[in-house]
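Chemist: model the following, please.
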Amino acid sequence: MRIVPYAWRALRRDLRGGDLLTVAAALVLGVAVMTAVGTLVNRVSNALVQNAAEIIGGDFGVAGRQAIPGDWIDAAHERALETALLVQFPTVVFSGDASQLADIKAVGSGYPLRGALVVSDDAAGTQTRVATAPGRGEAFADARLMDALGIAPGSVIDLGDRQVRVSQRLVTEPDAGGELFQLAPRLLVNLADVEEAGLLGPGSRATHRLMFAGPPGAVGSMRDWLQPRLTSDGRRFRLITIEDAQQAVSGAFERAGRFLSMAALLAVLLAGVATALAANRFALRRIDQVAVLRCLGARQRSVLTALALQLVMLAVPACLVGIGLGLLAQAGLVEALGTLIPDRLPLPQAAPALAGAAIGILLLLGFGLPPLLRLRGVPPMRVLNRSFAALPPVSALVYLAAIAASVALIVLATRDLRLAMIVLGGLAGLAGVSALAGWGLLSLLRLVQPRLRGHWRLGLASLARRRGLGVVQLVGLSLSLSSLLLLAAIGPALLQQWRGQLPEDTPNYFVLNIQPAQGAEVAAFLSGIGVDEPRMEPFATGRLVAINGEPPQRLERDVFEGDFVDGRPINMSWRRDFPPANTLVEGEYWAEDSDAVEVSVEQGWAARYGVGVDDVLTIGIGEQRIEARISNIRAADWDSFRVNFFLLLNENAIGDAPHNLVSAFHLPEDAKGRMGELTRRFPNVSLLDVDAILERVREVIDRVAQAVQLVLGFSLAAGVLVLVAALQASTSERRFESAVLRTLGARRGQLRAAVLAEFALVGGIAALLAIAGAALTGLLVARYGFEMGLDLPWGPLMLGGLLGMALSMLAGWLGTRSILRTPPARSLREA
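Modeler: Model prediction:
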């Protein structure tokens with residue numbers, strides 16, 4: 001037996017007959033979705049890691065909340081290193097009556113040390129690379145800031161008590177690679193302008209950076225010299241290195257990529273189900289062919305090799321088409337994410353495409369090959385006696401292969417075996433619940449069938465006879481549709497309702513960096529523009545020195561935080577009375593006239609450090625050391641947008657600790673235009689517009705949701721493919737039934753209406769399960785995630801359900817056209 005020519009001829013014949021088209025389509029879908037996600041993650045990660053020095057703007061640097069010591073700059077110059085000072089902080093800028101929260105980056109001479117700025121100064125968008133920062137009195141603003149203020153290059157804006165001219169539109173910065181989800185738009189200004197504007201006074205919440213660049217030997221010498229000085233003499237600085245930046249930025253997006261990959265998994269696993277159904281039908285249709293070949297002397301191994309080679313020949317072009325489709329979909333993901341990812345992405349590499357092709361091969365081996373292996377048991381005598389067993393019963397090998405392939409797919413996507421088992425268990429649980437619910441609904445419909453007439457009765461009878469395949473169809477369509485409804489309908493409704501349920505007096509502005517001597521004047525100004533009883537809260541930055549005399553050890557660490565977290569500053573305050581938006585959990589709050597050195601600790605912070613009532617904290621504020629007993633644990637309502645602190649000290653015992661003031665308040669809409677007067681009178685204060693931040697968060701969520709919806713679109717297509725595969729699995733039976741009914745006088749239109757009724761029922765039940773699943777999940781998230789009720793968006797949910805029903809009916813109509821065209825006599829002869 002010439003295996004290769006035979007496999008090639010058989011493949012061409014089977015493709016013309018449509019037997020392998022569903023397998024090919026499933027492979028294309030699986031490869032496409034994984035290629036799309038893998039290529040996106042790979043391109044973004046490479047963009048962040050390539051030219052690593054540009055990510056941080058130099059060869060290395062130091063950063064902290066304190067001003068950079070002058071002798072550090074002198075030491076760098078002695079080693080012939082170039083230096084650049086940067087200060088970054090948020091504040092509100094104004095142009096006439098328009099205002100916008102901006103992320104200010106003030107840069108000194110020498111910036112950027114590595115890379116170049118890309119700017120544009122005309123409406124046509126012509127871009128220019130420049131190697132120098134803005135001059136004094138100038139600024140570069142990004143497009144978001146210019147659009148928000150309604151300005152163009154050449155416009156003048158207010159920054160503190162100074163005016164600067166926006167000379168260029170900022171397109172890209174060399175050291176902004178790690179800021180994937182920057183909330184506020186950027187304004188790049190000269191450091192001298194910020195210093196003269198009084199925005200860097202005592203207590204400022206600015207981050208100071210000093211970047212270095214030069215020969216490797218000098219860089220290493222400077223790092224060694226700085227290392228012991230970073231945390232000496234009360235300083236709290238940290239090194240910024242290329243290695244840390246590479247790990248942080250690539251790791252951050254790889255985590256985001258895992259979520260996209262898990263969304264893609266639903267499409268891949270459903271494509272696997274479609275592959276298994278189609279491959280099983282293919283095996284059933286090859287029983288007589290295998291028996292004939294065995295009678296002609298072909299060995300069992302040769303026959304199975306030819307069939308397997310046929311699938312491999314199919315997989316190669318299917319993987320290539322899937323890779324092409326995946327690259328197109330990846331371009332759609334880039335467009336959906338927009339400004340959340342770097343502007344300049346490298347060209348796609350081969351690795352993600354090869355990984356996508358490997359996914360396709362894995363789909364074929366895990367879901368497509370096991371049904372073919374069952375053909376080994378077909379006896380040659382079947383040619384003479386068709387009563388011989390068609391195929392041996394499904395063995396454990398088939399199920400084990402499918403489970404192993406599923407685990408392997410999830411591990412490849414998540415790179416975490418434990419997470420893979422959780423995801424697989426979750427999907428299996430959802431599928432099991434959907435299957436049970438679908439089976440129960442189909443059983444109930446059987447009770448209704450005798451009361452129906454015409455095509456509805458025929459359609460329901462057909463569905464009841466094939467309940468097993470019907471349940472598979474329901475599970476595939478309902479899972480994919482439920483995922484889309486969660487993202488497209490429940491998610492936006494949840495966020496909108498959460499924002500709508502905030503009380504009318506919820507603070508929408510924060511004023512930071514108020515000096516103690518300015519507190520009364522700022523409060524008077526705010527009262528004058530309509531703020532109801534503004535309160536100035538003390539705000540200090542300190543360090544946790546010890547717990548019960550021992551060095552602090554953090555018990556719980558966020559996976560997104562680095563090792564520097566235990567030495568970072570802690571925000572704290574002090575007061576006499578118990579704070580609003582807090583609940584006492586344990587212990588007692590001090591009396592207002594008490595002078596005991598006590599501290600109130602936020603519940604989550606206490607759990608992270610494993611402290612409780614009566615423990616003693618040693619806290620450093622400036623040069624002052626305070627040993628305070630924990631008198632109570634409280635739960636802070638962080639969703640209230642009021643000023644909350646991890647540590648709250650007794651005001652009567654605090655002494656004269658260095659601090660500034662902060663205030664949160666609700667500003668009436670008609671008074672927002674007057675906030676510019678506040679920053680002009682008090683140029684050192686910083687404003688945070690909560691509405692602007694929430695709007696940016698909503699934009700980020702919307703863009704990410706669009707990307708995930710695109711990925712889940714593949715899942716919906718895979719769900720429809722399961723419908724088609726299940727329909728094809730019953731093609732022979734349906735052809736015989738159609739022939740009998742037409743022989744008995746049924747018209748083709750009646751049979752078509754019965755098919756549409758059957759798949760309308762499948763789509764309707766799947767839609768019902770999807771709506772119920774999405775609604776239940778939304779209610780649980782609202783209850784336990786947001787601690788509120790949820791008014792379900794029934795309109796979008798019903799629209800999504802109708803979409804599912806329409807897709808089901810379309811699949812049923814397309815899949816049965818050939819059956820209805822076949823003459824009854826021919827169908828009966830072939831039965």
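Chemist: would you list every one of the strands in the stretch 51-200 of the chain?
Modeler: Secondary structure of the stretch 51-200 of the chain (DSSP state E, counting those that start in this stretch): strands located at 60-64, 82-95, 98-107, 117-120, 127-130, 138-142, 156-159, 162-172, 186-190.
Chemist: wait, is residue 761 part of a strand?
Modeler: No. Read with DSSP: H, G, I helix; E, B strand; the rest coil, residue 761 is helix and lies in no strand.
Chemist: what does the model give it for pLDDT?
Modeler: Here the pLDDT value assigned to residue 761 is 84.
Chemist: adding mean neighbour count and distance to residue 821, write the strands of the stretch 51-200 of the chain out as JSON lines.
Modeler: No exception for glycine: its C-beta is placed from N, CA and C like everyone else's. Compiled in JSON lines, the strands of the stretch 51-200 of the chain are given as follows (neighbours: other Cβ atoms under 10 Å; distance: least, Cβ to Cβ, whole Å):
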{"stretch": "strand 60-64", "mean neighbour count": "21", "distance to residue 821": "73"}
{"stretch": "strand 82-95", "mean neighbour count": "21", "distance to residue 821": "68"}
{"stretch": "strand 98-107", "mean neighbour count": "23", "distance to residue 821": "64"}
{"stretch": "strand 117-120", "mean neighbour count": "20", "distance to residue 821": "61"}
{"stretch": "strand 127-130", "mean neighbour count": "13", "distance to residue 821": "59"}
{"stretch": "strand 138-142", "mean neighbour count": "25", "distance to residue 821": "61"}
{"stretch": "strand 156-159", "mean neighbour count": "20", "distance to residue 821": "71"}
{"stretch": "strand 162-172", "mean neighbour count": "20", "distance to residue 821": "59"}
{"stretch": "strand 186-190", "mean neighbour count": "24", "distance to residue 821": "63"}
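Chemist: and those: which comes nearest residue 726?
Modeler: Ranking those by proximity to residue 726 (Cβ to Cβ) places strand 162-172 first, at 50.3 Å.
Chemist: what lines up beside that closest one in the sheet?
Modeler: strand 117-120 (antiparallel), strand 138-142 (parallel), strand 156-159 (antiparallel) (DSSP bridges).
Chemist: so which of those gets nearest residue 781?
Modeler: Using Cβ to Cβ, the strands paired with strand 162-172 put strand 138-142 closest to residue 781, at 33.9 Å.
Chemist: show me what that closest one is in contact with.
Modeler: The contact list for strand 138-142 (Cβ atoms under 8 Å, 6 or more residues apart in numbering) reads 102, 117, 119, 134, 149, 151, 157, 159, 164-171, 185-190, 193.
Chemist: tell me what angle that strand forms with strand 98-107.
Modeler: 110 degrees (axes from the mean of the first three to the mean of the last three Cα atoms, to 10 degrees).
Chemist: what's the angle from strand 138-142 to strand 82-95?
Modeler: Using the same axes, to 10 degrees, strand 138-142 lies at 80 degrees relative to strand 82-95.
Chemist: for strand 138-142, list the C-alpha coordinates in PDB.
Modeler: Backbone C-alpha positions of strand 138-142 (Å, rounded to 0.1, in the frame of the first residue of the first chain) are rendered in PDB as follows:
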ATOM      1  CA  GLU A 138       8.200  76.000  27.300                       C
ATOM      2  CA  ALA A 139       6.300  72.700  27.600                       C
ATOM      3  CA  PHE A 140       5.500  69.600  25.600                       C
ATOM      4  CA  ALA A 141       2.000  68.300  26.100                       C
ATOM      5  CA  ASP A 142       0.600  64.900  24.900                       C
END
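Chemist: pLDDT of that strand, averaged?
Modeler: 93.
Chemist: next, the angle from that strand to strand 186-190.
Modeler: Using the same axes, to 10 degrees: strand 138-142 against strand 186-190 is 170 degrees.
Chemist: thinking again about what came up before, please name whichever of the strands paired with strand 162-172 is nearest to residue 93.
Modeler: Among these, strand 156-159 comes nearest to residue 93, with 5.2 Å by Cβ to Cβ.
Chemist: so what touches the closest one?
Modeler: Strand 156-159 is contacted by residues 91, 93-95, 104, 139, 141, 149, 151, 163-166, 187, 189, 193-194, 197, 199, 676, 679-680 when judged by Cβ under 8 Å, 6+ apart.
Chemist: what about 6 Å?
Modeler: The contact list for strand 156-159, computed with Cβ atoms under 6 Å, 6 or more residues apart in numbering, reads 93, 94, 95, 163, 165, 197.
Chemist: then stretch 453-465?
Modeler: 445, 446, 449, 470, 750, 753, 754, 757, 758, 761.
Chemist: ok, 10 Å please
Modeler: 442-443, 445-446, 448-452, 469-470, 473, 730, 733-734, 737, 741, 746, 749-762, 765, 812 (Cβ atoms under 10 Å, 6 or more residues apart in numbering).
Chemist: pretty sure residue 543 belongs to a strand, no?
Modeler: Yes. Under three-state DSSP, residue 543 falls within a strand.
Chemist: so who does the spatially closest residue to it that is not a sequence neighbour touch?
Modeler: Distances taken as Cβ to Cβ, 6 or more residues apart in numbering place residue 620 nearest to residue 543, at 4.5 Å, with adjacent residues excluded. Counting by Cβ under 10 Å, 6+ apart, residue 620 touches 234, 236, 542, 543, 544, 545, 546, 569, 570, 626.
Chemist: pick the one among those residues closest to residue 432.
Modeler: residue 570 (47.0 Å).
Chemist: what bridges to that closest one?
Modeler: residue 542.
Chemist: just residue 661 next, same as before
Modeler: residue 514, residue 538.
Chemist: most neighbours out of the contacts of residue 620, which is it?
Modeler: Counting by other Cβ atoms under 10 Å, residue 544 has the largest number of neighbours within those, with 23 neighbours.
Chemist: surely it touches residue 647?
Modeler: Yes. Between residue 544 and residue 647 there is a contact under Cβ atoms under 10 Å: 8.4 Å.
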